[in-house]
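Trainee: Provide a 3D model corresponding to the input given below.
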Amino acid sequence: MSADFNTISSSPEETIEYGRKIGLQLRGGEVIGLCGPLGSGKTHLIKGIATGAGAEDRRQVNSPTFVIVNEYSGRLDIFHIDAYRLNSIAEFEMLGFDDFCHPQSVVLIEWADKVESALRAVDYVRIELEHAGETKRKIHVRNLPEYIDHKES
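Mentor: Next comes the predicted model:
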């Protein structure tokens, strides 16, 4: 069983906190793909999820636009992939995506829509963010595992 739902964030801080609450409930083995236009809050949400999943220093969590993959240590192994600069599914697979996916890890993918065909083989959570004002964001979550209480998050 999984859940689909919508929520609104009124500020970057609220987006980070929302992500943190999700991250606290992760068990390992999750793949989370984030989609949305530039400036929609993908990195803020990931900052929160990584913090909740135990990343030691939230300030270290930033978009790996040029290095493509950042790894954060914590309660879980956290892999943060930025697919923005990837030109093909082959490039994504060459990053070692399959190696990142294990029971003690969480894989967070910004610009997941660019590599969606590679993600169809895994049961991943899809989070879409969109602008709803200067600081307001609509967040639509699909396929959230039932063990994550989105009402609490």
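Trainee: and the closest residue to D123 other than its chain neighbours, what pLDDT?
Mentor: Nearest residue to D123 in three dimensions, chain neighbours excluded: N143, at 7.0 Å (C-beta to C-beta, 6 or more residues apart in numbering). Backbone N, C-alpha and C define where each C-beta goes, glycine included. Per-residue confidence (pLDDT) for N143: 93.
Trainee: correct me, but N143 touches F5?
Mentor: No: in this structure N143 lies outside contact range of F5 using C-beta atoms under 8 Å: 10.7 Å.
Trainee: for the protein, just list every one of the strands.
Mentor: Ranges of strands within the chain are 2-9, 30-35, 69-72, 77-82, 105-110, 125-131, 137-145, based on DSSP state E.
Trainee: want to throw those into CSV with distance to S88?
Mentor: Converted to CSV, the strands of the chain look like this (distance: least, C-beta to C-beta, whole Å):
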stretch, distance to S88
strand 2-9, 29
strand 30-35, 17
strand 69-72, 16
strand 77-82, 14
strand 105-110, 15
strand 125-131, 21
strand 137-145, 25
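Trainee: which of those is buried the deepest?
Mentor: Per residue and on average, the most neighbours among those fall to strand 105-110, with a mean of 25 (mean count of other C-beta atoms under 10 Å).
Trainee: for that one, the averaged confidence score.
Mentor: In the prediction, strand 105-110 has an average pLDDT of 96.
Trainee: same deal with stretch 146-153?
Mentor: Confidence for stretch 146-153, expressed as mean pLDDT, is 72.
Trainee: then stretch 22-41?
Mentor: Averaged over stretch 22-41, pLDDT sits at 95.
Trainee: and stretch 116-136, by the same measure?
Mentor: Average pLDDT, stretch 116-136: 93.
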